[in-house]
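Student: coordinates only, sequence not included:
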């Protein structure tokens with residue numbers, strides 16, 4: 001009997017303690033919200049906005065699938081790097097075009113002073129709605145990015161490129177002066193300032209970067225990116241883009257075969273690879289991806305050199321199959337829907353698009 005009474009007393013004490021803890025927690029939460037504002041701390045449940053990661057398509061179905069969430073995540077820092085003429089700016093302009101289709105405001109900080117407006121227009125970018133800046137110094141470029149992000153009105157900012165963000169001290173100094181780590185310090189400070197405001201405004205910031213070689217590396221890859229290590233840590237997604245071959249029409253080179261590797265991904269499993277064609281004057285070849293991915297998921301059947309969709313033959317050889325899909329957008333849309341459905345992505349292309357829509361992709 002005495003034992004039962006003792007257990008009851010212990011149970012009451014535990015309940016009193018848990019009640020006191022709950023009151024203390026509620027009091028602490030209320031104090032934090034009074035001090036820092038509503039939403040400064042919250043429970044990470046189904047109602048929290050942090051649970052849903054909104055994505056913007058890259059313009060490549062294969063890359064959208066490889067990224068795991070159907071594109072690049074909003075409210076995050078993205079790094080796209082690779083050798084010269086590998087397709088970094090092309091891929092980024094496709095992302096800009098996709099974001100503009102959703103009604104988002106996009107800005108392009110052209111630190112390299114090398115953006116081709118006519119090429120951007122061919123990729124589907126609305127030049128009338130695109131904000132562009134060509135800053136003189138790295139500090140000016142990053143200050144512009146910070147102001148745009150803090151405004152909350154811009155949904156995508158592109159910086160092309162990190163290598164061209166030259167510190168003011170280097171520009172004002174003499175040619176040949178050593179500026180040890182100046183650019184890395186600049187990028188490190190920028191990441192610390194930008195990261196919180198990027199998350200709050202749900203604005204995606206894409207940094208295009210170049211490759212350099214480390215001296216004296218005996219083992220492993222000697223390649224590294226410019227601007228120090230800060231960007232590597234703060235980026236939620238890092239894409240390594242490479243040109244792996246030329247696409248020829250008889251003797252004329254008409255495009256590049258391109259491979260993209262997801263080197264880092266904080267929102268889905270990383271290290272996936274995808275290959276697609278970048279055609280000169282057109283950008284990423286959507287119909288080429290439809291043929292390749294269609295075969296991979298079993299939507300398009302390949303028998304010898306012939307490609308078939310359902311009971312219909314769509315071409316002998318990959319180039320003829322691509323041409324057929326360009327000429328028949330309704331078939332291309334049906335194949336795209338099935339590829340997206342097979343990979344768990346949204347599909348909303350029930351109505352047939354015009355032929356021009358597919359030719360330009």
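Tutor: Received it, and whenever you're ready, just let me know what you need. Bear in mind the structure is a predicted one, so any value in this text is a computation, not a measurement. Numbering: from 1, shown residues only.
Student: use CA for all of it now, contacts and neighbours both
Tutor: Will do.
Student: give me the next element, helix or strand, following the host helix or strand of residue 89.
Tutor: Assessed by DSSP states H and E, residue 89 sits inside helix 88-101. Remark: after helix 88-101, the chain's next helix or strand is strand 106-110, criterion DSSP H and E.
Student: and after that next one, which helix or strand comes next?
Tutor: helix 117-122.
Student: contacts made by the next helix-or-strand element following that following helix with the rest, please.
Tutor: Per DSSP H and E, helix 117-122 leads on to strand 131-133 as the next helix or strand towards the C-terminus. By CA atoms under 8 Å, 6 or more residues apart in numbering, the residues outside strand 131-133 that reach it are 106-111.
Student: out of the residues you listed, grab the one that's most surrounded.
Tutor: Neighbour count (other CA atoms under 10 Å) singles out residue 106 as the most crowded of the contacts of strand 131-133, with 26 neighbours.
Student: who are the contact partners of it?
Tutor: By CA under 8 Å, 6+ apart, the residues touching residue 106 are 96, 99-100, 129-131, 154-157.
Student: what pairs with whichever strand or helix holds residue 264, and is each one parallel or antiparallel?
Tutor: Here residue 264 sits within strand 252-265, counting by DSSP H and E. Here strand 252-265 is paired, per DSSP bridges, with strand 237-249 (antiparallel), strand 273-279 (antiparallel).
Student: hey, which of the ones you listed is tucked in deepest?
Tutor: Mean neighbour count (mean count of other CA atoms under 10 Å) peaks for strand 273-279 among these, with a mean of 20.
Student: next, count neighbours for residue 54.
Tutor: By other CA under 10 Å, 14 other residues sit near residue 54.
Student: swap that for residue 217, sorry
Tutor: If you count neighbours by other CA under 10 Å, residue 217 ends up with 10.
Student: tell me the secondary structure at it.
Tutor: Under DSSP: H, G, I helix; E, B strand; the rest coil, the three-state class of residue 217 is coil.
Student: give the contact list for it.
Tutor: Contacts of residue 217 by CA under 8 Å, 6+ apart: none found.
Student: how near is it to residue 227?
Tutor: Remark: distance between residue 217 and residue 227 (CA to CA, to the nearest Å) = 19 Å.
Student: out of the strands paired with strand 252-265, nearest to residue 208?
Tutor: strand 237-249 (9.7 Å; CA to CA).
Student: tell me if I'm right that residue 322 and residue 291 touch.
Tutor: Yes: with contacts counted by CA atoms under 8 Å, residue 322 reaches residue 291, the gap being 6.9 Å.
Student: looking at those two, which is more packed in?
Tutor: Higher neighbour count among residue 322 and residue 291: residue 291, with 26 against 23, using other CA under 10 Å.
Student: how about the strands in the stretch 151-300 of the chain?
Tutor: Taking DSSP state E, counting those that start in this stretch as the test, the strands found in the stretch 151-300 of the chain are 156-160, 204-209, 211-213, 223-225, 237-249, 252-265, 273-279, 283-284, 300-303.
Student: still on that earlier bit, got TSV for the strands paired with strand 252-265, with mean pLDDT and distance to residue 197 too?
Tutor: Output for the strands paired with strand 252-265, formatted as TSV (pLDDT from 0 to 100; distance: least, CA to CA, whole Å):
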stretch	mean pLDDT	distance to residue 197
strand 237-249	95	18
strand 273-279	95	31
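Student: need the ones you listed in CSV (columns: distance to residue 172).
Tutor: Formatted as CSV, those follow (distance: least, CA to CA, whole Å):
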stretch, distance to residue 172
strand 237-249, 32
strand 273-279, 39
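Student: between these, which one is closest to residue 211.
Tutor: Closest approach to residue 211 among the strands paired with strand 252-265 is made by strand 237-249 (10.1 Å; CA to CA).
Student: residues contacting the residue nearest the centre of the chain?
Tutor: In the chain, the residue lying closest to the centroid (CA atoms, centre = their mean) is residue 72, at 3.3 Å. Counting by CA under 8 Å, 6+ apart, residue 72 touches 55-58, 64, 78, 237.
Student: ok, of those, which one's closest to residue 258?
Tutor: Set against residue 258, the nearest of the contacts of residue 72 by CA to CA is residue 58 (14.2 Å).
Student: wait, doesn't the closest one sit right on residue 95?
Tutor: Yes: shown here, residue 58 and residue 95 form a contact pair, counting by CA under 8 Å, at 4.7 Å.
Student: when those two are compared, which one has more neighbours?
Tutor: Shown here are residue 58 and residue 95; by other CA under 10 Å, residue 95 has more neighbours (26 against 23).
Student: what's near enough to touch that one?
Tutor: Counting by CA under 8 Å, 6+ apart, residue 95 makes contact with 56-59.
Student: quick one: residue 184 and residue 225, what's the gap?
Tutor: Distance from residue 184 to residue 225, by CA to CA: 11 Å.
Student: look up how far residue 73 lies from residue 95.
Tutor: From residue 95 across to residue 73, the span is 11 Å (CA to CA).
Student: ok, residue 307 next?
Tutor: 35 Å.
Student: still on that earlier bit, quick one: which of the contacts of residue 72 is nearest to residue 284?
Tutor: For the contacts of residue 72, the nearest to residue 284 is residue 58 (9.7 Å; CA to CA).
Student: what's the first helix or strand after the helix or strand in which residue 20 is found?
Tutor: Using DSSP H and E, residue 20 sits in helix 2-36. Going down the chain from helix 2-36, the next helix or strand is strand 55-56, by DSSP H and E.
Student: mind giving me the packing neighbours of the helix or strand following that next one?
Tutor: For strand 55-56, the following helix or strand on the C-terminal side (DSSP H and E) is helix 61-67. Applying 3 or more CA pairs under 8 Å, 6 or more residues apart in numbering; DSSP states H and E, one finds that helix 61-67 contacts strand 252-265, strand 273-279, helix 286-297.
Student: thanks a lot, see you next time.
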